[in-house]
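**Q** No letters, just coordinates:
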């Protein structure tokens, strides 16, 4: 009997500990303090919300989901989480496939989807966007005014994650990266206070949020500069995979042109497995000019290759962005590196993807779809960011390629093979760039893998400055301790 009573005592302690764990305490307090905003696992809304993230690699099982309807509710909630010592994650659109970045196990998921709205101020020519919006919510609102913002190139990503990771836009060569075009951040800090960060107020926080991700507070709204860009030329040209050498030659010529037209943008995706998909070239010219001369290197491809598909033509920028859907493969991971483009380097990269054993491993996965993506950032994009007050990224003002390797597959048991395969390919490309003296240290957060040290690559001085900002606005290091996901600030040496 004594042994049985001892077992009961242990069970009782276990039950009490489980009931009083920080995440359960926080969930109960949130439910009692803020009516209707807390979703528990027994709620019919729970499953749909936990699978909102577009890649299953990011699906997790939070203890509860807190979905504030107002900024004031969020201000009430954050001190509850801090006082409970409960871990939490913050989700805008849930586009990043990195585990833990926008969800959490045994913690509270703050779902920002109800903090929405897109308001265009005609007199000031600015747009205020709620952090719960997706880019597919933003562009239709701006169409009626025939203006746009430096924003996402796909409709499904969330506004918050893309901007706080820096963000590439079709407008970047003209006006800088997406984060460079934010005029004001509205932020809830760890103590629940609401502050604005801009050039005049909390300017150090304003700088830090341009690439600093979720390390300082929860951004609830972004004010972006608007631009009178609406009617453009652009679309997609698809070539057989066998055209890759010629495509890369054309790209090198386009990127290294000393008089590159800042209105001309490209994005190239080459399918290295399932090569029947070929090479997808996205061309965008930010004026309604038919077949602009800036793309002459790409147009010459048609002399030797027949296009599988060609959608280029005059259209609106929203219509162009709508053309790029997200693939339906359930599990996705990606990695990235950066370098200065040259014809020689591109030729060597082609050889890597033709001969690397990692490609065969990825091809062997069920539905293994491997893609490498070439994204161009010009020196003018970096200089435009400096004119807008600078950012935390530590970019060099040179023409550069942000190289991205992407793999999609079906089954969780293949996760490790997929991860190791694309990291191996990216490491090979990075080693090649270093050997040719063209490597750049910057890692693009929006395309990074979970084990890439993104912020460390911003440079020692910027990391030190980011830490100083964190210590000022989050002295308790709440967003370092209690928000484990995403790319965190490295420790100072």
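**A** Nice, thanks for sending it over. Small disclaimer: the values here were computed from a predicted structure and weren't measured.

**Q** low-scoring pLDDT stretches of the stretch 351-493 of the chain, where are they?
**A** Within the stretch 351-493 of the chain, the ranges that satisfy pLDDT under 70 run 493.

**Q** and the next element down the chain from the biggest helix by length in the chain?
**A** Identified as the longest helix of the chain according to DSSP state H is helix 415-435. Later in the chain than helix 415-435, the nearest helix or strand by DSSP states H and E is strand 439-440.

**Q** Against which helices or strands is the longest helix of the chain packed?
**A** Using 3 or more C-beta pairs under 8 Å, 6 or more residues apart in numbering; DSSP states H and E, the elements in contact with helix 415-435 are strand 331-339, helix 343-355, helix 357-363, strand 369-377, strand 400-409, strand 439-440. In this view, the C-beta of every residue, glycine as well, is placed from N, C-alpha and C.

**Q** buried ones in stretch 192-205?
**A** Buried residues in stretch 192-205, defined by neighbour count with 16 or more other C-beta atoms under 10 Å: 192, 197-198, 202, 205.

**Q** Repeat that for stretch 244-259.
**A** 244, 246-252, 254-255.

**Q** Where in the protein is the helix or strand with the lowest mean pLDDT?
**A** One helix or strand of the chain scores below all others by mean pLDDT, DSSP states H and E: helix 2-19, with a mean of 38.

**Q** any residues touching the longest helix of the chain, and which ones?
**A** 57, 331, 333-337, 339-340, 345, 348-349, 352-353, 356, 358-359, 361-362, 365, 368, 370, 372, 403, 405-407, 409, 439-440, 449, 451 (C-beta atoms under 8 Å, 6 or more residues apart in numbering).

**Q** and what of stretch 154-161?
**A** 54, 90-96, 101-102, 112, 129-136, 138-139, 151-152, 219, 222, 321-322, 324, 326, 446.

**Q** one more time with 7 Å, if that's ok
**A** With contact meaning C-beta atoms under 7 Å, 6 or more residues apart in numbering, stretch 154-161 is reached by 54, 92-96, 102, 112, 129, 131, 133-136, 138, 219, 222, 321-322, 324, 326.

**Q** where's the nearest residue to residue 216 once chain neighbours are set aside relative to residue 483, distance?
**A** Nearest non-adjacent residue to residue 216, counting by C-beta to C-beta, 6 or more residues apart in numbering: residue 473, 5.4 Å away. According to C-beta to C-beta, to the nearest Å, residue 473 stands 14 Å off from residue 483.

**Q** Could you do residue 311 as well?
**A** Following C-beta to C-beta, the distance that separates residue 311 from residue 483 is 41 Å.

**Q** Which one of the two is surrounded by more residues?
**A** residue 483 (24 against 15; other C-beta atoms under 10 Å).

**Q** returning to that earlier point: could you dump the buried residues of stretch 192-205 into TSV and include pLDDT and distance to residue 264?
**A** Shown next, in TSV, are these (pLDDT from 0 to 100; distance: C-beta to C-beta, whole Å):
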residue	pLDDT	distance to residue 264
192	98	46
197	98	33
198	98	31
202	98	36
205	98	35
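
**Q** right, and the pair among those with maximum separation?
**A** 192 and 198 (20.6 Å; C-beta to C-beta).

**Q** and the contacts of stretch 154-161, which are buried?
**A** Buried, going by 16+ other C-beta under 10 Å: 54, 92-96, 102, 112, 129, 131, 133-136, 138, 219, 222, 321, out of these.

**Q** among the residues you listed, which are in helices?
**A** Reading helices off the buried ones among the contacts of stretch 154-161 with DSSP H, I get 135-136, 138, 321.

**Q** what's the farthest-apart pair in these?
**A** 138 and 321 (10.2 Å).

**Q** Just give the nearest non-adjacent residue to residue 239, would you?
**A** residue 279 (4.8 Å).

**Q** ugh, wrong one, residue 183
**A** Per C-beta to C-beta, 6+ apart, closest to residue 183 is residue 223, 4.6 Å.

**Q** That neighbour bridge partners, please.
**A** Beta-bridge partners for residue 223, by DSSP bridges, are residue 128, residue 184.

**Q** correct me, but it touches residue 130?
**A** No. Contact criterion C-beta atoms under 7 Å: residue 223 and residue 130 do not qualify, at 11.0 Å.

**Q** ok, now which ones touch residue 88?
**A** So residue 88 contacts 81, 104, 107-108, 110, 482-483 (C-beta under 7 Å, 6+ apart).

**Q** According to the record, where do the domains of the protein fall?
**A** 2-113, 116-228+461-481, 231-455 (automatic domain parsing).

**Q** What is the burial count for residue 105?
**A** With other C-beta under 10 Å as criterion, residue 105 counts 14.

**Q** So it: helix, strand or coil?
**A** Secondary structure for residue 105, judged by DSSP: H, G, I helix; E, B strand; the rest coil, is coil.

**Q** With residue 386 as the reference, measure out to it.
**A** 41 Å.

**Q** what does residue 265 give?
**A** In terms of C-beta to C-beta, residue 265 sits 20 Å off from residue 386.

**Q** Neighbour count: these two, which is higher?
**A** residue 265 (26 against 13).

**Q** Surely the more buried one and residue 284 touch.
**A** Yes. Between residue 265 and residue 284 there is a contact under C-beta under 7 Å: 4.3 Å.

**Q** between these two, what contacts are shared?
**A** Common neighbours of residue 265 and residue 284 (C-beta under 7 Å, 6+ apart) are residue 170.

**Q** ok, residue 175 - contacts?
**A** 150, 181, 227, 384.

**Q** can you tell me which two in the residues you listed are farthest apart?
**A** Taking C-beta to C-beta, no two of these sit farther apart than 227 and 384, at 12.2 Å.

**Q** which of these two has more neighbours?
**A** The neighbour comparison of residue 227 against residue 384 (other C-beta under 10 Å) goes to residue 384, with 21 against 18.

**Q** Might one say that the more buried one is in contact with residue 180?
**A** Yes. Counting by C-beta under 7 Å, residue 384 sits close enough to residue 180 to count as a contact (6.5 Å).

**Q** quick one: contacts for residue 288?
**A** Residue 288 touches 231-233, 314, counting by C-beta under 7 Å, 6+ apart.

**Q** and which of those is nearest to residue 275?
**A** residue 233 (28.8 Å).

**Q** neighbours of the closest one, just the number please.
**A** For residue 233, using other C-beta under 10 Å, the count is 22.

**Q** cool, residue 119 as well?
**A** Count around residue 119 with other C-beta under 10 Å applied: 12.

**Q** Can you tell me the closest non-neighbouring residue to it?
**A** Per C-beta to C-beta, 6+ apart, closest to residue 119 is residue 128, 4.8 Å.

**Q** What does the pLDDT read for the nearest residue to residue 147 once chain neighbours are set aside?
**A** Once flanking residues are discounted, residue 147 sits nearest to residue 226: 4.5 Å by C-beta to C-beta, 6+ apart. Listed pLDDT for residue 226 reads 98.

**Q** Using the three-state scheme, assign residue 226.
**A** Residue 226, by the three-state scheme (three-state DSSP), is strand.

**Q** that older thread, would you convert the helices and strands packed on helix 415-435 into JSON lines that also reports distance to residue 30?
**A** Shown next, in JSON lines, are the helices and strands packed on helix 415-435 (distance: least, C-beta to C-beta, whole Å):
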{"stretch": "strand 331-339", "distance to residue 30": "31"}
{"stretch": "helix 343-355", "distance to residue 30": "48"}
{"stretch": "helix 357-363", "distance to residue 30": "42"}
{"stretch": "strand 369-377", "distance to residue 30": "40"}
{"stretch": "strand 400-409", "distance to residue 30": "36"}
{"stretch": "strand 439-440", "distance to residue 30": "44"}
